[in-house]
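Q: sequence unknown, structure follows:
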């Protein structure tokens with residue numbers, strides 16, 4: 001009887017260990033993926049914003065710099081199921097992000113862009129080949145990427161499943177560049193344990209553009225000015241799912257004329273935007289729901305390995321004892 005019990009204990013132990021390995025190293029990589037048909041809306045708000053506003057003067061679009069604005073930015077992310085890289089059960093998703101920022105008081109559109117990117121469904125990094133990738137920051141002026149080259153390198157939209165306490169690279173859609181993202185410690189957001197990261201873009205020249213001289217204090221009707229951009233973004237991430245729970249973005253843009261140097265030009269945007277409480281609540285719910293589903297694939301393997309080891313440790317000595325007694 002003891003011999004049977006020992007075999008049962010060892011068999012159950014081996015089964016538990018094998019099931020844990022199956023869940024963690026086979027099921028987890030296949031199930032911990034972002035959806036193909038995502039449909040999310042995020043809203044950010046800021047006050048005391050300085051920005052260029054294009055208003056109409058006798059029917060003529062006229063730029064002017066306004067201060068102390070109340071501003072709302074709305075981002076809608078959807079999945080594009082039409083691209084050839086998107087396949088059921090595949091490892092690539094194509095997401096489209098449409099963002100518009102408006103002055104709350106006048107309703108005037110301050111900025112807008114649309115972009116499309118192919119994502120690794122587990123790491124959230126941009127990947128190639130990607131036929132449908134593009135960035136459109138001006139209506140009708142879409143910049144497409146070469147299919148076999150990553151146009152928007154780094155993390156996009158979220159962090160990887162199993163986010164670690166390390167630095168990452170993340171694509172900045174406003175600057176069209178990849179920013180360094182540094183791990184900045186553990187934190188909590190409304191009771192949820194998160195990791196805090198800080199993405200920093202030092203003053204960087206983005207382009208040159210012809211602007212009305214009056215906009216930058218020149219008597220010339222038109223002046224070619226360099227546009228500089230800098231940004232500090234603090235991001236709170238739920239590490240198991242990689243969901244971006246909360247974010248604060250402090251950004252500045254400056255036009256630098258021919259006789260000026262960076263830092264002494266004309267500020268055309270300056271302010272801090274923060275995800276709204278409702279958006280944060282929605283993100284927390286998404287992270288919590290997904291964490292519950294992932295626990296089967298992350299926590300239970302550890303439990304199974306421990307239980308399996310205990311059963312094997314209990315069964316092997318019992319079997320050795322039974323065999324010794326049978327020989328004597």
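A: Sure, I can see it. Bear in mind the structure is a predicted one, so any value in this text is a computation, not a measurement. Numbering: from 1, shown residues only.
Q: And the helices in the protein, which stretches?
A: For the chain, the helices defined by DSSP state H cover 2-22, 28-31, 277-327.
Q: quick check: mean pLDDT across the first one?
A: Rounded to a whole number, the mean pLDDT of helix 2-22 is 43.
Q: before we move on, what about the last one?
A: Helix 277-327 shows an average pLDDT of 62 in the prediction.
Q: Kindly report the same for stretch 250-267.
A: Stretch 250-267 comes out at a mean pLDDT of 91.
Q: Would you mark the buried spots in it?
A: 251-257, 260, 265-266 (16 or more other C-beta atoms under 10 Å). Glycine gets a C-beta too; all of them are placed from N, C-alpha and C.
Q: Kindly indicate which of those lies nearest residue 92.
A: Closest approach to residue 92 among the buried residues of stretch 250-267 (C-beta to C-beta): residue 251, at 30.3 Å.
Q: for stretch 107-122, which positions count as buried?
A: Neighbour-count burial for stretch 107-122 [16+ other C-beta under 10 Å]: 110-122.
Q: Apologies, that question was intended for stretch 271-285.
A: The neighbour-count check on stretch 271-285 (16+ other C-beta under 10 Å) flags 271, 273-276, 279-280, 282-284 as buried.
Q: What ranges does the stretch 151-300 of the chain have for its strands?
A: 168-172, 177-189, 192-212, 222-238, 243-256, 266-275 (DSSP state E, counting those that start in this stretch).
Q: would you list these in a markdown table and tack on distance to residue 96?
A: Formatted as a markdown table, the strands of the stretch 151-300 of the chain follow (distance: least, C-beta to C-beta, whole Å):
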| stretch | distance to residue 96 |
| --- | --- |
| strand 168-172 | 14 |
| strand 177-189 | 20 |
| strand 192-212 | 22 |
| strand 222-238 | 21 |
| strand 243-256 | 17 |
| strand 266-275 | 20 |
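Q: what's the closest residue to residue 130 other than its chain neighbours in contact with, if anything?
A: Sequence neighbours aside, residue 118 is the residue nearest to residue 130 in space, at 3.5 Å (criterion: C-beta to C-beta, 6 or more residues apart in numbering). Counting by C-beta atoms under 8 Å, 6 or more residues apart in numbering, residue 118 makes contact with 83, 85, 92-94, 126-130, 132-133.
Q: which of those residues are buried?
A: If you count burial by 16+ other C-beta under 10 Å, the buried members of the contacts of residue 118 come out as 83, 85, 92-94, 126-128, 130, 132-133.
Q: Closest to residue 144 out of those?
A: Nearest to residue 144 out of those is residue 133 (C-beta to C-beta; 6.9 Å).
Q: Out of the buried residues of stretch 107-122, which comes closest to residue 191?
A: residue 122 (27.1 Å).
Q: The closest one touches residue 91, doesn't it?
A: Yes - using C-beta atoms under 8 Å, residue 122 is in contact with residue 91, at 7.1 Å.
Q: Now the common contact residues for the two.
A: Taking C-beta under 8 Å, 6+ apart as the criterion, residue 122 and residue 91 both touch residue 33.
Q: on that earlier part again, ok, the residue nearest to residue 130 to residue 266 distance?
A: 38 Å (C-beta to C-beta, to the nearest Å).
Q: Then residue 233?
A: 23 Å.
Q: OK, contacts around residue 96?
A: Under the criterion of C-beta under 8 Å, 6+ apart, the neighbours of residue 96 are 77-80, 114-116.
Q: how near is it to residue 209?
A: Spatial separation of residue 96 from residue 209 under the definition C-beta to C-beta is 26 Å.
Q: Also residue 49?
A: As judged by C-beta to C-beta, residue 49 and residue 209 stand 21 Å apart.
Q: of those two, who's got more company?
A: Comparing residue 49 with residue 209 by other C-beta atoms under 10 Å, the one with more neighbours is residue 49, at 22 against 11.
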